[in-house]
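In: here you go, sequence then predicted model.
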Amino acid sequence: MSTLRPIDASARVSHPDRLPVALLIAASLCMFTAAGSGTARAPFLIDMARDLSSSVPMVANLVAFTSVAWGLSSMLAGAGSDRWGRRPFLIFGPLALAVATAGVAGAGSFIAVAAWGTFGGACCGMFTGPVFTEVSRRVAPGQQGRALGWVMSGQSLTLLIGVPMAAWIGSTIGWRGVNLCVSALGVASAVGLFITTTAPVGGGGRAGTKMPSMRSALSGPVLRLLSMGVAERICYGLVAVYFATFLQSTYHLSVEAVALPLAVFALGNILGTVLGGQLADKFGHRLRIFAVTMVLSGVAALVLFGWHGDLFTAIGLGFLYVFFNAIARPSLMASLGDVPEHVRGTVMGLNVTCSSLGWLGAAALGGSMIGLYGFDGFGPLTAGVAVIAAGLAVVRR
């Protein structure tokens, strides 16, 4: 099986021939806001720790609280959107996130920030799965790779634009003011999705249908796709989380000097995502594209962490790694979008949950590998997980 095809023919005939540009812009802004609600804190860990009478590691660990809440909420919201429709989640989820980030801005203690941050992660889970599902519903099957690739680029732009912008704005208004800016983006996202999803679309996703069971959603092929998603996120997270630390420890870079390599890394992620969407639509064998590019990313990881050349070579290898990894993602998402309409929201929600598991796995495996073998072990570890992902893509039942 190289791809999955929808069994609901009524949803196919109602799709427009052209990509819904306004919806894609609103969805990308929504994903930018969701990712920014957590990553916007990155430049202010020291300031937050000082203001909250806490420590930098404790503030940094807020990411774990957010990730767990995000994953659990997404699983529930995906199934709920199949039962009650997508729009309630698409509109009220970003609004709730706006409330949560405003709560973070006004919090006076670490416990309060942790509580509001965890609630914010749950709010992100309310709408990230339904966003992908709604976009998948409103585009033709041959356009899903490009459409979903543009939506995913909203998350990538957070690293390239969002974090530097947060640092620049925060130098004037502080970390609390930055959170208020994210809150405003949440409101703008809700308004954008409200406007762009008003027109009805044939097929599923409407309120009043029967809640799908997990057994009906988790068929063998779907479980395989979700497992591929976990492995892919582990591969991405291993490098995304530790790339800056690798450069600092190997090439003795300062914090300021790491900014440019991280920008190149983020650019590779964006370009790969856009190109991956094009390839997923142009060529039929989506899972073969996924398998090939994951293997290529594994090779890049072996060289990146195994051969310590000059700094510019390391930056180039990091670009190649994330570029190949990002090409693979739209093919996987488009294949997930091909599941039957009545369980598509459930599956997309579970995909976000699996992504959270992948991020947690990357953090845990990376920390253990540094303790045991240092960064020399990252190459074989990342390549091994990439090969497992590729094997799941090409195995046939």
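Out: Thanks, I have the structure now. Source: prediction; values computed, not measured.
In: leaving out sequence neighbours, find the closest residue to L193.
Out: In space, and not counting its chain neighbours, L193 is closest to L90: 4.4 Å by CB to CB, 6 or more residues apart in numbering. No exception for glycine: its C-beta is placed from N, CA and C like everyone else's.
In: quick one: list the elements packing against the helix or strand containing S335.
Out: Assigned by DSSP states H and E, S335 falls within helix 311-336. Applying 3 or more CB pairs under 8 Å, 6 or more residues apart in numbering; DSSP states H and E, we find helix 311-336 packed against helix 144-157, helix 220-251, helix 259-282, helix 286-306, helix 344-373.
In: figure out the helix or strand that the nearest residue to A102 once chain neighbours are set aside lives in.
Out: Closest residue to A102 apart from its sequence neighbours, by CB to CB, 6+ apart: S183 at 4.4 Å. S183 belongs to helix 163-196 when assigned by DSSP H and E.
In: which residues of the stretch 1-150 of the chain fall in helices?
Out: Ranges of helices within the stretch 1-150 of the chain are 9-13, 21-39, 45-51, 56-60, 62-84, 87-106, 110-137, 144-157, based on DSSP state H, counting those that start in this stretch.
In: can I get these in TSV with mean pLDDT and distance to T250?
Out: Shown next, in TSV, are the helices of the stretch 1-150 of the chain (pLDDT from 0 to 100; distance: least, CB to CB, whole Å):
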stretch	mean pLDDT	distance to T250
helix 9-13	38	50
helix 21-39	89	24
helix 45-51	83	23
helix 56-60	74	22
helix 62-84	81	24
helix 87-106	94	34
helix 110-137	90	32
helix 144-157	81	25
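In: switch those helices over to TSV; also include distance to P164 and mean neighbour count.
Out: TSV is the format used below for those (distance: least, CB to CB, whole Å; neighbours: other CB atoms under 10 Å):
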stretch	distance to P164	mean neighbour count
helix 9-13	40	13
helix 21-39	11	22
helix 45-51	16	16
helix 56-60	19	15
helix 62-84	19	22
helix 87-106	19	22
helix 110-137	21	26
helix 144-157	11	25
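In: A199 is nearest to which of those helices?
Out: helix 21-39 (9.7 Å; CB to CB).
In: that closest one vs helix 163-196, what angle?
Out: 140 degrees (axes from the mean of the first three to the mean of the last three CA atoms, to 10 degrees).
In: with only the CA atoms kept, save helix 21-39 in CSV.
Out: The C-alpha trace of helix 21-39 is given here as CSV (Å, rounded to 0.1, in the frame of the first residue of the first chain):
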residue,chain,number,x,y,z
VAL,A,21,-5.8,30.6,-0.1
ALA,A,22,-7.6,32.5,2.6
LEU,A,23,-8.2,29.3,4.6
LEU,A,24,-4.5,28.3,4.2
ILE,A,25,-3.4,31.7,5.5
ALA,A,26,-5.8,31.5,8.5
ALA,A,27,-4.7,27.9,9.2
SER,A,28,-1.0,28.8,8.9
LEU,A,29,-1.5,31.8,11.3
CYS,A,30,-3.3,29.4,13.7
MET,A,31,-0.4,26.9,13.7
PHE,A,32,2.1,29.8,14.0
THR,A,33,0.2,31.0,17.1
ALA,A,34,0.0,27.5,18.6
ALA,A,35,3.8,26.9,18.2
GLY,A,36,4.6,30.4,19.3
SER,A,37,2.6,30.1,22.6
GLY,A,38,5.4,27.9,23.8
THR,A,39,8.5,28.8,21.8
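In: tell me what angle that helix forms with helix 344-373.
Out: Using the same axes, to 10 degrees: helix 21-39 against helix 344-373 is 40 degrees.
In: so what secondary structure elements neighbour helix 21-39?
Out: helix 62-84, helix 87-106, helix 110-137, helix 144-157, helix 163-196.
In: what about 7 Å?
Out: If you count contacts as 3 or more CB pairs under 7 Å, 6 or more residues apart in numbering; DSSP states H and E, helix 21-39 packs onto helix 87-106, helix 110-137, helix 144-157, helix 163-196.
In: now render those helices as JSON lines, adding distance to T382.
Out: Shown next, in JSON lines, are the helices and strands packed on helix 21-39 (distance: least, CB to CB, whole Å):
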{"stretch": "helix 87-106", "distance to T382": "32"}
{"stretch": "helix 110-137", "distance to T382": "25"}
{"stretch": "helix 144-157", "distance to T382": "19"}
{"stretch": "helix 163-196", "distance to T382": "23"}
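In: what does the domain assignment say about this protein?
Out: By the assignment in automatic domain parsing, the chain contains the domains 12-200, 216-397.
In: how close does the residue nearest to L193 sit to P141?
Out: 22 Å (CB to CB, to the nearest Å).
In: P20 reaches S136, doesn't it?
Out: No. Using CB atoms under 7 Å, P20 is not in contact with S136; the gap is 11.5 Å.
In: the residue nearest to the spatial centre of the chain and T128: what is the separation?
Out: The centroid of the chain falls nearest to Q155 when counting by CA atoms, centre = their mean (6.1 Å). According to CB to CB, Q155 and T128 sit 9 Å apart.
In: so what's in contact with those two at the same time?
Out: M31 (CB atoms under 7 Å, 6 or more residues apart in numbering).
In: reformat the helices of the stretch 1-150 of the chain as CSV; add distance to G177.
Out: As requested, the helices of the stretch 1-150 of the chain are exported to CSV (distance: least, CB to CB, whole Å):
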stretch, distance to G177
helix 9-13, 44
helix 21-39, 14
helix 45-51, 11
helix 56-60, 17
helix 62-84, 18
helix 87-106, 7
helix 110-137, 15
helix 144-157, 21
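In: which one of those lies nearest to T353?
Out: Taking the helices of the stretch 1-150 of the chain one by one with CB to CB, helix 62-84 is closest: 4.3 Å.
In: tell me the helices and strands packed up against the closest one.
Out: Against helix 62-84 (3+ CB pairs under 7 Å, 6+ apart) you get helix 110-137, helix 344-373.
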